[in-house]
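Q: Okay, structure incoming, though there's no sequence with it:
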């Protein structure tokens, strides 16, 4: 158990994530169905290899993800959220709703409104996919800024 | 409007906060009733003065907080959450619940369970205090680790 200076659960949570890259890895695992180092590296956020390795190590040490051998090829390693990791689903959902409402993003407004109305169903579906090891993406990869400009 | 590289609202939200200090300032404003530079500085998380000044500036530029003159003393400056800032209440609540469930914190378990059952009421009460400029703390400052050890 890591020692925390502050007694506030918000502060402690933020100490555990450390920075935005950690939560983006959790997002990739939770809603995009990504599982391998290579997939995270190519997920489009431009994370540097050394930072990715560091954050995976920290998330594993914090008990948020685990590494397990690929069933069909024991040499390959897949990452998976733990129970503690999937319990971050409500935090991610609220970040998604807030970002889509207040910033310019690539998320379609109708989709976000629907998720906002059905918070519990969205979270339950994320949990179900996690339990069933169903890696079908729950959300698409939203268009990045460059792609959105091209569409105009 | 800031330009964001990623189209994902989660990524965009995390770009806006930048790091844990930003969300702790939002927490201090939202649930602890703190309003001034000096109060944030003394809130017990050990934030350095230059980091505090930088994060206040960034939060203001992102439209999450505003600075306003103190009514009784126009030379003094108080910070206040904007609508965009108070809309972070669900994110903070989920971070609080997650941290209290999975990490060792100073938050009493009964209080957290009660908040978990009454998510919407807690968020509505945070919004009401914000609207009414009621700076009564919504949550106490939880005992830090040193204080918890002394109690044992």
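A: Yep, that arrived. This structure is a prediction, so every number in the text was calculated from the model and none was measured. Residues are numbered from 1 along each chain as shown, chains lettered A, B, ... in the order given.
Q: For residue A:74, the count of nearby residues, please.
A: Residue A:74 has 8 neighbouring residues, counting by other Cβ atoms under 10 Å in any protein chain shown. (Each C-beta comes from the backbone N, C-alpha and C, glycine too.)
Q: Quick check, pLDDT for it.
A: On pLDDT, residue A:74 comes in at 78.
Q: so where do the helices sit in chain A?
A: Secondary structure of chain A (DSSP state H): helices at A:9-17, A:20-31, A:37-41, A:49-61, A:83-86, A:89-102, A:109-117, A:119-131, A:145-151.
Q: between the first one and helix A:49-61, how big is the angle?
A: The one in question is helix A:9-17. Per axes from the mean of the first three to the mean of the last three Cα atoms, to 10 degrees, the angle that helix A:9-17 makes with helix A:49-61 is 130 degrees.
Q: With mean neighbour count, distance to chain B and mean pLDDT added, can I get the helices of chain A in CSV?
A: As requested, those are exported to CSV (neighbours: other Cβ atoms under 10 Å in any protein chain shown; distance: least, Cβ to the nearest Cβ, whole Å; pLDDT from 0 to 100):
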stretch, mean neighbour count, distance to chain B, mean pLDDT
helix A:9-17, 25, 3, 82
helix A:20-31, 23, 4, 92
helix A:37-41, 16, 13, 94
helix A:49-61, 15, 13, 94
helix A:83-86, 17, 5, 96
helix A:89-102, 23, 3, 93
helix A:109-117, 13, 7, 90
helix A:119-131, 15, 9, 95
helix A:145-151, 11, 6, 65
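Q: any chance of those helices in TSV, plus distance to residue B:116?
A: Formatted as TSV, those follow (distance: least, Cβ to Cβ, whole Å):
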stretch	distance to residue B:116
helix A:9-17	12
helix A:20-31	20
helix A:37-41	31
helix A:49-61	24
helix A:83-86	16
helix A:89-102	10
helix A:109-117	19
helix A:119-131	13
helix A:145-151	37
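Q: closest to residue B:51 out of these?
A: helix A:9-17 (13.9 Å; Cβ to Cβ).
Q: For the spatially most central residue of chain A, give its distance to residue A:141.
A: In chain A, the centroid-proximal residue (Cα atoms, centre = their mean) is residue A:27; its distance is 1.1 Å. Distance of residue A:27 to residue A:141, computed by Cβ to Cβ, to the nearest Å: 11 Å.
Q: Mind listing the shared neighbours of the two?
A: By the contact definition Cβ atoms under 8 Å, 6 or more residues apart in numbering or on different chains, residue A:27 and residue A:141 are jointly contacted by residue B:8.
Q: who are the neighbours in contact with the residue nearest to the centre of chain A?
A: Residue A:27 neighbours (Cβ under 8 Å, 6+ apart): A:92, B:8, B:10, B:11.
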